[in-house]
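J.: Below are the sequence and a predicted model; questions follow.
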Amino acid sequence: MEELFTSAVIVGIFWATLRIATPLLLAALGELVCESSGILNLSLEGTMTMGAFAGFYVANETGSILAGLVAAGLGGAFLSLIMALMTVTAKVNQVVAGLALNILGLGLAFFWYRSIYEAEGSIDIPTVDTMEAPWEFFPIPWLTILALVMVPVVWVFLYRTKYGLELRSVGHNPEACDMRGVGIISRQYVAVVFGGVMAGLAGSFLSLGSTGLFFPDIISGRGWIALAIVIFGNWRATWVLVGSLLFGFLEATQLALQASDVDLPYQLLLALPFVLTIVALVFNRSRSNVPLSLTIPYHRGER
Amino acid sequence: MTETILAVDRVTKRFPGVIANDAVTVDIRRGEIHCVLGENGAGKTTLADVLYGVYRPDEGTVTLNGEPLELHTPRDAIAAGIGMVHQHFELVPPMSVVENVVIGTSASQWLDLSEVRDRLNEFFHNYDVEIDPDAEVGRLSVGEQQWVEIFKTLYFGVEVLILDEPTAVLTPQGVQELFRILRRMRDEGLTIILITHKLKEVMELSDRVTVLRLGKVVGTVNTADVQMRDLAQMMVGREVLFQFDKERSDPGEPVLEVDGIHLPSVTGRGSLKGLSLTVCAGEVVGLAGVSGNGQNALFDALVGVEKPSSGDIRIGGVDTAELSANRIAQLGMASVPADRIAQGLLMDFKVKENLVLGRHRSNTFSRGGLLNRGAIDGFASKSIEGFDIRTPSASQSTRTLSGGNLQKVIMARELSGEPKLLVAHQPTRGLDISASEYVRRRLLEERDRGAAVLLMSEDLDEIFQLSDRIAVIYDGRIVSETTPEQADLESLGLSMAGADSVDVGSAS
Ligand SMILES: Nc1ncnc2c1ncn2[C@@H]1O[C@H](COP(=O)(O)OP(=O)(O)O)[C@@H](O)[C@H]1O
Ligand SMILES: [Mg+2]
């Protein structure tokens, strides 16, 4: 047991926590804004895969990490734009649209990957280093810094600007906003596409950041965890940060456990985040911040 | 006072299958309170929504201060100086009063609520309204929410304020308070259009009134020149009986016997503290009382969804303590709940499905565990005809029906089994004159057929009209009993308020 508490292991867990939390935090913050406007985007998994692939491909072709990041954001934006078209404009059932886009995102990424690289398995990116910051003493990836910075940015946007207030109002009662002349469609598009860009970046962190690899199953459930984190965080930016770090920490600890000889069932730690989400749901029930019109499409003049 | 501010000229608005506004022409004068009166479905809300830019008229024009108005969205209306408070509040419940006011204004993008808060406090202070600008709107009372709606609209500095049925949600005191402030706003130069189907309000408040019926304007008159009776006739299209001729009742055996029941308040629907009551075959017992004195709890106990902690309830001599709600209904009890949408109907189901709800498992409507569609269709078309339910078809989604027709669906279902006991809770709340008249007549017919009828109502006129005996409920008990002949309004009001009179009839 002691070997778990050596300083090397603890420091390792600390870095691993940040790394694991980064894509979760990026995707969950985007989803938070998206859901605040009343649109539930269930396609995070597919959108993140899209971002991971687009980033990987463009970085590989151009040799530029920056170009890769832009491509990842655009890939996420592309998929979420379809989501917005379907749910905001065509008012398709959000759950159905989200699940369909999930399949589309995964399918497209896989299809392009296969047709471009013509090979099985994973490929390294020769031209791309991992995206660590230049300073050596604090080797924190750029995207992690971005994710952390986005927490106050999203908070200020949602709670300290009029646009954010109106965006949240649309998520609670679109009719009230419509009757006050607040543009619902534009705000929902902004929110959904922002969520898509964030999910795309989150995906690219996995292909360009930690591993430098792409493979079709690269997201492996992180999109769903990000959705759970929004619920765990009761639709608040600060608690989304806490949730992401908590998930990251548990995962990091679990990995450390597996690597050590300690005889503790790591599966327990894997399950813990989900148990905590359910507990949080139960506790927050009476003062839940869930957007009151989440998933309900708005039609003007309908009784 | 004669200058026209808003002129509506031959405005027509059609919905699939209905002409909601049919060449409506009205002129609204600056600084008046103008009522738009009409029964449910007359097209009042549609007209208001046209003026507020929610709908575009199919034909006709609207001019404001002599200029033609082209409204595409509510934003245009607000910019032109027209504000509207909808019947269903357009508020964001989890947000504070100030935040609700800021939505849609041209305040700067960096939220600075202090300025709005100051102006709001000034407003509230000016009109003697006590509301905390930082309170969460969802936690305010309905009356307070209405103030927020009104001030939210005035914040834009509108010239014309439209209020759609604002009193429907208010207590009598709340209505007086609202009227006091509306008069003051009018005197300060605001033009007010008030939509209602309540004659008393029109008489009390308005300078002029326009009556709508079936989408058409029946006429515009000065309120001072007409009587309530005239307006009623314009609105309904025939003479209205404010009084029923009812035969004297001939009560038989007790059907419902309630003996000292106690029910603790667990569900927030009030409590009962030793309530006793008897209703006999062939009589209507009116239960008068201010809402919140245990009416909901009594209703729950009678239909059997809550069980009293002590005391007993007998229907036709059978103790219901051990029986499920379904078994109680089978004893011959029918019930009309106060909240017809939440408790009486499945709004997304078809009309015919709602008509057999609760009896769908009986042998009449099902065979071998499967619904018997033929029998259901037959019963539905008979009910729709018999109760004059206005619906395009029996397969229509219930949600599209008006309030009066929803109530008719419930009545048709509940009365179809010729019940021995009928418990009706607020059966005419929110209904217009014609529908209320219809429901009341059906209740009397049930009495004459020999059913025991318990009528719980907050409408004293209704209690007086229909009851053979009147009982007053206060704080979970019956505090007095009388008859319509002996009772007078004043002492009845006192005992409803909990004054210690036992015998209302002779107390005066
Ligand atoms: N959005 C709508 N779609 C279809 N029919 C409608 C709609 N709004 C109103 N109607 C119909 O138009 C008529 C007038 O309705 P409304 O203006 O709401 O009447 P009121 O406010 O006087 O009760 C009714 O027959 C109603 O069913
Ligand atoms: Mg209306």
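T.: Sure thing, it's come through. Ligands and ions are numbered 1, 2, ... in the order given.

J.: Now the phi/psi pair for B:Glu209, please.
T.: Check again: residue B:209 is Val, not Glu. The phi and psi values for B:Val209, taken as degrees, to the nearest 10, are phi -140, psi 140.

J.: Before we move on, what's the pLDDT of it?
T.: B:Val209 is assigned 96 on the pLDDT scale.

J.: Tell me how many other residues surround it.
T.: Neighbour count for B:Val209, taken as other C-beta atoms under 10 Å in any protein chain shown: 25. Every residue, glycine included, has its C-beta placed from N, CA and C.

J.: Next: B:Thr400.
T.: Other residues within reach of B:Thr400, judged by other C-beta under 10 Å, total 12.

J.: separation between it and B:Thr45?
T.: Separation of B:Thr400 from B:Thr45 (C-beta to C-beta, to the nearest Å): 15 Å.

J.: Quick check: buried residues in stretch A:229-247?
T.: A:229-237, A:239-241, A:243-247 (16 or more other C-beta atoms under 10 Å in any protein chain shown).

J.: Send over it as CSV, restricted to the C-alpha atoms.
T.: What follows is stretch A:229-247, C-alpha atoms only, in CSV (Å, rounded to 0.1, in the frame of the first residue of the first chain):
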residue,chain,number,x,y,z
ILE,A,229,-20.4,15.9,-15.8
VAL,A,230,-22.9,18.6,-16.9
ILE,A,231,-25.6,16.8,-14.8
PHE,A,232,-23.2,16.2,-11.9
GLY,A,233,-22.3,19.9,-12.0
ASN,A,234,-25.9,20.9,-11.9
TRP,A,235,-25.5,23.1,-14.9
ARG,A,236,-22.9,25.4,-13.2
ALA,A,237,-19.5,26.2,-14.7
THR,A,238,-17.6,25.9,-11.4
TRP,A,239,-19.1,22.5,-10.6
VAL,A,240,-18.4,21.3,-14.1
LEU,A,241,-14.8,22.0,-13.3
VAL,A,242,-15.0,20.2,-10.0
GLY,A,243,-16.7,17.3,-11.8
SER,A,244,-14.1,17.1,-14.5
LEU,A,245,-11.2,17.1,-12.0
LEU,A,246,-13.0,14.5,-9.9
PHE,A,247,-13.5,12.2,-12.9
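
J.: Show me what from the stretch 1-150 of chain A comes close to chain B.
T.: Taking C-beta under 8 Å from any C-beta of the partner chain, no part of the stretch 1-150 of chain A reaches chain B.

J.: For the stretch 1-150 of chain A, which segments are assigned as strands?
T.: Per DSSP state E, counting those that start in this stretch, the stretch 1-150 of chain A carries strands over the ranges A:123-124.

J.: pretty sure B:Leu263 is touching B:Val305, no?
T.: No - using C-beta atoms under 8 Å, B:Leu263 makes no contact with B:Val305, being 11.1 Å away.

J.: so is the residue in the stretch 151-300 of chain A positioned nearest to chain B in a helix, a strand, or just coil?
T.: Residue of the stretch 151-300 of chain A nearest chain B, by C-beta to the nearest C-beta: A:Gly181 (2.6 Å). Under the three-state scheme (DSSP: H, G, I helix; E, B strand; the rest coil), A:Gly181 adopts coil.

J.: neighbours around it, how many?
T.: Quick note: A:Gly181 (other C-beta under 10 Å) scores 18 neighbours.

J.: Pretty sure it sits against B:Arg75.
T.: Yes - using C-beta under 8 Å, A:Gly181 makes contact with B:Arg75 at a distance of 2.6 Å.
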